[in-house]
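Q: Got a sequence here, can you model it:
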Amino acid sequence: MHDSLFQPLKMGALEARNRIFMAPLTRGRATQPGSIPNDMMATYYRQRAGAGLIISEATGISREGLGWPAAPGIWSEEQTEGWKQTTEAVHEEGGLIVLQLWHMGRLVHPSFLDGEPGVSASATTAPDHAHTATGRQPHQQARALGTDEIGRVVADYAHAAENARKAGFDGVQLHGANGYLVDQFLRSSTNLRDDDYGESVENRCRFLDEVLEALVGVWGADRVGVRLSPNGETQGCDDPDPASLFGAAASVIEKHGLAFLELREPGPDGTFGQTDVPKQSPLIRQRYSGALVLNSDYDAAEAEADVATGKADAISFGRPYISNPDLDVRIARGVEFAPNTNVPKSWYLPGPEGYIDYPTLEMEKAKVA
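A: Numbers count the residues shown, from 1 in each chain. Model (predicted):
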């Protein structure tokens, strides 16, 4: 029924057994203090290892870059050791998992940084509120990174990538989407710089280019991917000419010969808001020759159609994977997805409820029997 989704896919050195990928999903279950991955997280990922590729939840590359309560990090030895439980669990089930590297930039509230401001491409303030350990608080103005500081941040990405290797991941994905630091450099509404990292599209892509060069230096291009969100405003991050910008970004990614590129192209009700900006994937498909993964609001039939026609090489599913740990099995058997329950309440709360207690299809059938 969905034959195209169950064909293997080679992406550089990554060999996915199917084209149903698990998108990165922040779940807020890391042990505090220390943002340390734990055995409950390993169980969560083990349950979902039937995905052709798991892209981990967004993971902080440094204390400076992490501003989400109980999200995991990858900068410390304890975090690296904690992640080994997850990679071993996924590999025991025959799965693949890459780590998503995350710097939130201006979206890091000062409460995570002992009162110091977050950093960004420019001194701007994100709209709405930050999620903090003490509840929602208004975002504060970020501090612009000095030109002499950018190398330090790039080095933080490289260090995190090295730790991901030590932790046993199969590769890494750079989070360049959703209004976080890389996106803040890319888009003109958040990049007001007049140096080598600002103004022109080529300059605004320079930070992306330098970070990718660092990641490829650690992993090789055949185990590195990127996530971009090229359609419309996201967390106050926008650009008046997305075709020129993201076409140029795709050319940078092509230059590095990366294994895969994931695009978040949400519909009208996407998590971070959405506009009627035309989808950029056809243009990006022309600029980037590697594996293209599309994400957001797909059902099984739409996913099959886009892979069968060559619009995408794989589809990454986000929210359906919360309540369907065996999503690949359900798609293969033509079974409706189980609905999310206790959502969004249970997306980010601590504990197993709404996290590792969703039954597989076989468990549901056994209960009925």
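Q: any idea of the mean pLDDT in stretch 77-95?
A: Stretch 77-95 comes out with an average pLDDT of 98.
Q: hang on, I meant stretch 214-221
A: Averaged across stretch 214-221, pLDDT comes to 98.
Q: Can you give the contact residues for it?
A: 12-13, 101, 154-155, 157-158, 161-162, 165, 171-172, 174, 224, 256-259 (C-beta atoms under 8 Å, 6 or more residues apart in numbering). C-beta: built from backbone N, CA, C; applies to glycine.
Q: ok, of those, which come out buried?
A: Buried members of the contacts of stretch 214-221, scored by 16 or more other C-beta atoms under 10 Å, are 12, 101, 154, 157-158, 161-162, 165, 171-172, 174, 224, 256, 258-259.
Q: follow-up on the earlier one: of the contacts of stretch 214-221, which belong to strands?
A: 101, 172, 174, 224 (DSSP state E).
Q: Let me see the contact set for the third one.
A: With contacts taken as C-beta under 8 Å, 6+ apart, residue 174 has the following neighbours: 100, 101, 157, 182, 208, 211, 212, 215, 224, 225, 226, 227.
Q: so how many other residues sit close to the closest residue to residue 206 other than its chain neighbours?
A: Excluding its sequence neighbours, the residue lying closest to residue 206 (C-beta to C-beta, 6 or more residues apart in numbering) is residue 197, at 5.2 Å. Applying other C-beta atoms under 10 Å, we find 19 residues neighbouring residue 197.
Q: In contact with residue 197, which residues?
A: Contact analysis of residue 197 by C-beta under 8 Å, 6+ apart lists 121, 147, 150, 185, 191, 203, 204, 206, 207.
Q: any idea of the pLDDT on the third one?
A: If I follow you right, that is residue 150. pLDDT at residue 150 comes out at 98.
Q: does it count as helix, strand or coil?
A: helix (DSSP: H, G, I helix; E, B strand; the rest coil).
Q: State the distance from the nearest residue to residue 170 once chain neighbours are set aside to residue 128.
A: Leaving aside its chain neighbours, residue 170 sits nearest to residue 96 (4.9 Å; criterion: C-beta to C-beta, 6+ apart). Residue 96 sits 35 Å away from residue 128, going by C-beta to C-beta, to the nearest Å.
Q: cool, residue 284 as well?
A: Distance of residue 284 to residue 128, given as C-beta to C-beta: 28 Å.
Q: Have a look at the two and say which one is more surrounded.
A: residue 284 (22 against 10).
Q: wait, doesn't the more buried one sit right on residue 265?
A: No. With contact defined as C-beta atoms under 8 Å, residue 284 does not count as touching residue 265 (10.1 Å).
Q: what's the overlap in contacts for the two?
A: With contacts defined as C-beta under 8 Å, 6+ apart, the residues shared by residue 284 and residue 265 are residue 230.
Q: Excluding covalently adjacent residues, which one is nearest to residue 164?
A: Closest residue to residue 164 apart from its sequence neighbours, by C-beta to C-beta, 6+ apart: residue 99 at 4.3 Å.
Q: same deal with residue 158?
A: Take residue 158 and drop its neighbours on the chain: the residue closest to it by C-beta to C-beta, 6+ apart is residue 214, 4.2 Å away.
Q: Count the neighbours of that neighbour for me.
A: Neighbour count for residue 214, taken as other C-beta under 10 Å: 21.
Q: surely residue 31 meets residue 38?
A: Yes. Judged on C-beta under 8 Å, residue 31 makes contact with residue 38 at a distance of 4.8 Å.
Q: Next, show the common contact partners of the two.
A: Joint contacts of residue 31 and residue 38 (C-beta under 8 Å, 6+ apart) are residue 82.
Q: Can you tell me which of the contacts of residue 174 is nearest residue 243?
A: residue 208 (16.7 Å; C-beta to C-beta).
Q: OK, contacts around the closest one?
A: Contact partners of residue 208, counting by C-beta under 8 Å, 6+ apart, are 174, 176, 182, 185, 186, 226, 249, 252.
Q: Now name the helix or strand holding the last one.
A: If I follow you right, that is residue 252. With secondary structure defined by DSSP states H and E, residue 252 is part of helix 242-256.
Q: same for the following helix or strand past that helix, what does it pack against?
A: Helices and strands here follow DSSP H and E; after helix 242-256, the next one along the chain is strand 260-264. Using 3 or more C-beta pairs under 8 Å, 6 or more residues apart in numbering; DSSP states H and E as the contact test, the elements touching strand 260-264 are strand 224-228, helix 281-287, strand 291-295.
Q: ok, strand 260-264: who's next to it in the sheet?
A: Next to strand 260-264 in the sheet, as set by DSSP bridges, lie strand 224-228 (parallel), strand 291-295 (parallel).
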